[in-house]
Structures are given as C-alpha cells and as structure tokens.
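Colleague: would you be able to build a 3D model of this:
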Amino acid sequence: MSATALAARVRGGELAVDDAVEAGWRGPAGTWEAEVRAVVHADPAARAAARPREGPLAGVPVLVKDNICTTDYPTTCASRILAGYRPPYDATVVSRLRAAGAVVVGKGNMDEFAMGSSTEYSCYGPTRNPYDLDRVPGGSSGGPAAAVAYGLCPLALGSDTGGSVRQPAAFCGVLGLKPTYGRFSRYGLVAFGSSLDQVGIFARHTGDLAAAYAALAGPDPLDATTRPGEAPDVSGWRAGVTGLSFGWPANLWREGVDPEVVGGLEEAAARLERSGATRVTFDFLPGEYSVAAYYLVATAEASSNLARFDGVRYGFRHADSADLRALYTRTRSEGFGPEVQRRILLGTYALSAGYYDAYYLTAQRARTRIREEYRAAFARCDFLMMPAAPSLPFRLGEKIEDPLAMYLSDIFTIGANLAGIPGLSVPVGLSRAGLPLAVQMLGPEDGEPVLLRAAAVLEAGGEVARLEGEDTPEFAWPTKR
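Modeller: Numbers count the residues shown, from 1 in each chain. Alright, predicted model coming up:
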C-alpha cells in the first residue's frame, strides 16, 4: 500500500494507527530484517507512543537515517564515537514529518558519518541488498533504501552529499529524491559537507515522494541556508511529459558503464519519447572533473565539521588519557573508522598551508564551472537523463579495500551536489541476474515538479514497481535466494 493510501485509510478510520505502523514489522517484511540489517535503532514503545490520526501522512511509518536527530531514538551516525548519543531535539525534517502525521519507526543503517557508497563502513556491520544478500545496497543511506525495498515502510529519509540517496535507491530498486540545495532544512542533520549535504526521500511511489516533499520543503529560521519563499508546487506530478525535453549526454557513458545499465537507460528514454517528451542529444563536460572537485571540497568540509567530535562533550571517550592532547588523539583514533579517518586526513591536507590554493581553491573554481555547465545544459532542455551508477550492485567486500573504485561509484551523482540542483533516481526493471536497474534525472534549481512528472510516466509504464495488487510487476518485490 502506498503511503498516501495508507494515510487516507487512517484518516477515514478504516485502519488503526497501530496496525498501520506495525504492519511492516508483523508482516512478511519483518522476516527480512535479520538478514538485511537495515535498522540499527528500533523501539516498540516509541512507536506505540505515536497516535497521529490527522495530516497528509497520518499513521505512515517512516525510517530515518542514523545521522538525522531524533529525540526518541539514538543518533550515532553508525560510528563508535557517538555511541549511545540521544539528541535533545528533533531535526526540522523530523518535526515536519511528525506534524504531517508520520510515525518514525526507527533509525536506518549507513556508512559511518555518511562517508561511503556501500553501507559497509558502519560500526553495526553492513546492510545487505534485499535483491541479493551477497551484494551491497549502496550507500551511504543503504539502510533506509533497503527497508523501503523490502517493505518495512513506504517512506524513509536519508541524506545525500554526493549521491547517498540516489545511488542506494538505484541499487535497491526504489525511488530516491535529492531536492534542490536549501529546499529541506539541514537543522538536525549531522554535518559531513555543509555546502553539499541535503536530506532526501526514499519511496516506492511517485505520489508518495510528492506528498513527503510537500510536507518537508520550505524555509527554516533554524537553518540560514534554506531557500526563501514557497517551495515549488509538486501537486501536478500526474501532468505527464508532453512538451518537455530531456538532455541526453551520451558521452558520459560511452565507456566504463555496464551495458545493462545503458540498456535500462535507453528503454526509459524511449518510454518518455512515446509519452510526448523530446530527446536532445549533446556532449556534457562536468563529468570529466567533478570527481576530483567533489572529493576535495567534501573532505575539506568534513575535516572541519568532524573536529567537534573529541570525546569531551558526548559519545565515546578513551578511558586512558593522561592529558587533553592524549584524550583527543586516542578518542578520535579509536572512535572513528578507517574511511572517516582517511577523509579527515585528505581534507586537512587540502586545507593546509602551501596546498590550500593548489587544491581547495582550485576545486572551488572547478565547482563554479560545473554549475555554469549545468545552467547551460538546462538552457537546452528541461531535465537531464543519465545513469544513477555505472554498475549494478556490487558484491560485499568487492571495493572496500580500493577507495578509488568505491569513490567512482558516485561519478554520476556528485555533480548535482556540487551544482545544488535536484536529482531523482528511478528504477527501470531488473537485469538478467535479477538486480535492479535505474536511471537518474537531474533538473535545474527548483525543478522537482518536472522530475516527478517524468518519474510518474515511467511508473505508469511499468518501469517503476507498483508494489501491491494485480499490477505488481515480477521485479517489484525482492525474492530470497
């Protein structure tokens, strides 16, 4: 059942809130969790305390990524250094979810401090892909993506700094939306890269994405980076794509991309054309230098943001520290995992005297050019289509010892974060091996309404799984192997 249909039944008195909230835990999906390990914090008492019967998301269960603050569950960023930390406040996006009637049912697993593309860098252990338990669900928001895929909840929140919503959505066969930078408040989102971070949404239905977007978007006095004015109206998501044009930068995937990924992309493009959209083909350059720019900007911001985790105020503290310097050093060395330490070192180096101009400032100049390239592209089309990831979901452990290979998993998603534009990952079927295929659509700033219209067309054509009733395609639900 979709989130909006569930909420309508709760508001109408046809479905008790308890039944709505607990359905995922009691039904067949509940048997998946021991194998998938998508959830790191759950509390039946906290779920039972919520009794919303009104609002556009009344009674809808939502899993929230473990780096988004919640008063009723710990927020640990899947890191030992924040072990046991329970925030004294809700993130703004959580407050708005609750105001809309949704129920937070737990916290989702993630790569530590959102640094990773596989959800293997977690102090709780890896999350597995529901379509193949030997493969990764993507990252860093792999837990929320997997939970929506196997049916624990119809909606989930993640964060997207360089693709951490869109790439796991692609790997798990669900929809994943990263909104325009500043459309969702970051207050209560633990910072990784402050100029890149954005809360995002996972769903199985385009209408659910639209409902959640409408509930969450808008300015927030607690976050000075939120965009002023009213958020775009996404209520017209059923309007179709007649008269719209989509950019087709095929130079980006001429090499290094799995042929089945390209095949899924071609099929989705053909569906949009049959529905009235026009394909505009042109070469697109930002992909050539976006990876280098992103990993310099992101690690530099991370090295600054993570300086606050020192063992003094909260979280893990090393017990054997003779002085303050030893406390900082030992706490951070043991509290942070290897990938987080690697990125802190990279960022500190990029910001150090003698290298700041050569690395960080150069990356910022490249970022400005990337923004200009996207603006030029959107002068030629309404939205862009490209892969969400260069490969199908890879096997657990396959890339964890090769940081460069892991970083390149985000090659198609990081540009949207550098440019501050919205991106949406849409499933388009299954590969020959039964693994999800997906496309990514990017729009100009505040272009979410157009992206949702295109996603709805793909959904109506069967490319997006409708997970209920007789209309459910065979690929809509993971099957245990």
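
Colleague: tell me where the model's unsure across the protein.
Modeller: Applying pLDDT under 70 to the chain flags the ranges 27-29, 287, 461-481.

Colleague: tell me the contacts of the spatially most central residue of it?
Modeller: Taking Cα atoms, centre = their mean as the criterion, Val165 is the residue nearest the geometric centre of the chain, at 1.5 Å. By Cβ atoms under 8 Å, 6 or more residues apart in numbering, Val165 lies in contact with 141, 145, 158-159, 176-178, 200-202, 425. Every residue, glycine included, has its C-beta placed from N, CA and C.

Colleague: give me that answer again for 6 Å
Modeller: 141, 158, 176, 178, 200 (Cβ atoms under 6 Å, 6 or more residues apart in numbering).

Colleague: redo these as JSON lines? Include distance to Ala239.
Modeller: Shown next, in JSON lines, are the contacts of Val165 (distance: Cβ to Cβ, whole Å):
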{"residue": "Ser141", "distance to Ala239": "29"}
{"residue": "Gly158", "distance to Ala239": "27"}
{"residue": "Gly176", "distance to Ala239": "22"}
{"residue": "Lys178", "distance to Ala239": "22"}
{"residue": "Gly200", "distance to Ala239": "23"}
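
Colleague: follow-up on the earlier one: now the residue nearest to the centre of the chain. Its backbone dihedrals?
Modeller: Main-chain dihedrals, Val165, degrees, to the nearest 10: phi -100, psi -50.

Colleague: identify the bridge partners of the nearest residue in space to it that is not next to it in sequence.
Modeller: Spatial nearest neighbour of Val165, chain neighbours left out: Gly200 (3.4 Å); criterion: Cβ to Cβ, 6 or more residues apart in numbering. Gly200 has these beta-bridge partners by DSSP bridges: Gly158.

Colleague: could you report the neighbour count for Gly200?
Modeller: If you count neighbours by other Cβ atoms under 10 Å, Gly200 ends up with 33.

Colleague: can you check Leu408 too?
Modeller: 17.

Colleague: same question for the one 3 residues further on.
Modeller: Using other Cβ under 10 Å, Ile411 is surrounded by 22 other residues.

Colleague: residues in contact with it?
Modeller: Here Ile411 is in contact with Val291 (Cβ under 6 Å, 6+ apart).

Colleague: can you tell me how far it is from Gly247?
Modeller: 17 Å (Cβ to Cβ, to the nearest Å).

Colleague: next, the spatially closest residue to Gly243 that is not a sequence neighbour: secondary structure please.
Modeller: In space, and not counting its chain neighbours, Gly243 is closest to Gly276: 6.7 Å by Cβ to Cβ, 6+ apart. Three-state call for Gly276 (DSSP: H, G, I helix; E, B strand; the rest coil): coil.

Colleague: repeat that for the one 4 residues further on.
Modeller: Three-state call for Val280 (three-state DSSP): strand.

Colleague: neighbours around it, how many?
Modeller: Val280 has 15 nearby residues by other Cβ under 10 Å.

Colleague: which ones are touching it?
Modeller: Contacts of Val280 (Cβ under 6 Å, 6+ apart): 245, 247, 380-381.

Colleague: try 10 Å this time
Modeller: By Cβ atoms under 10 Å, 6 or more residues apart in numbering, Val280 lies in contact with 245-249, 377, 380-382, 384.

Colleague: need the strands for the stretch 101-250 of the chain, in chain order.
Modeller: 103-108, 155-159, 175-178, 199-203, 245-248 (DSSP state E, counting those that start in this stretch).

Colleague: how much space separates the closest residue to Ser141 other than its chain neighbours from Gly200?
Modeller: Residue nearest to Ser141 in three dimensions, not counting chain neighbours: Gly158, with 3.0 Å by Cβ to Cβ, 6+ apart. Plainly put, Gly158 is 5 Å away from Gly200 if you go by Cβ to Cβ.

Colleague: then Glu120?
Modeller: 20 Å.

Colleague: end-to-end on stretch 387-399?
Modeller: Its first and final residues considered, stretch 387-399 spans 20 Å by Cα to Cα, to the nearest Å.

Colleague: hmm, back to that, in CSV: the contacts of Val280, plus neighbour count and distance to Ala405.
Modeller: Supplementary listing: those in CSV, determined by neighbours: other Cβ atoms under 10 Å; distance: Cβ to Cβ, whole Å:
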residue, neighbour count, distance to Ala405
Ser245, 15, 35
Phe246, 23, 30
Gly247, 21, 28
Trp248, 19, 27
Pro249, 19, 23
Ala377, 21, 28
Arg380, 11, 33
Cys381, 22, 31
Asp382, 22, 34
Leu384, 27, 25
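
Colleague: secondary structure element for the residue sitting furthest away from the middle of the chain?
Modeller: Centroid-distance maximum for the chain: Ala322 at 41.2 Å, with Cα atoms, centre = their mean. Here Ala322 sits in a region with no helix or strand, counting by DSSP states H and E.

Colleague: check contacts around it.
Modeller: Arg330.

Colleague: from here on, call the first residue 89.
Modeller: That works, and once the first residue is 89, the last one we named lands at Ala410.

Colleague: any idea how far Thr417 is from it?
Modeller: From Ala410 to Thr417 the distance is 11 Å (Cβ to Cβ).

Colleague: cool, Leu360 as well?
Modeller: 55 Å.

Colleague: now do Phe397
Modeller: 13 Å.

Colleague: the two: who's more crowded?
Modeller: Phe397 (24 against 15).

Colleague: against Leu472, how distant is the closest residue to Gly189 other than its chain neighbours?
Modeller: Leaving aside its sequence neighbours, Gly189 sits nearest to Gly143 (Cβ to Cβ, 6+ apart; 2.8 Å). Here the criterion is Cβ to Cβ. By it, Gly143 lies 34 Å from Leu472.

Colleague: what's the neighbour count on Glu123?
Modeller: 12.

Colleague: quick check: which element contains it?
Modeller: helix 121-124.

Colleague: next secondary structure after that helix?
Modeller: strand 127-129.

Colleague: okay, how far is it across stretch 326-338, tip to tip?
Modeller: 28 Å.
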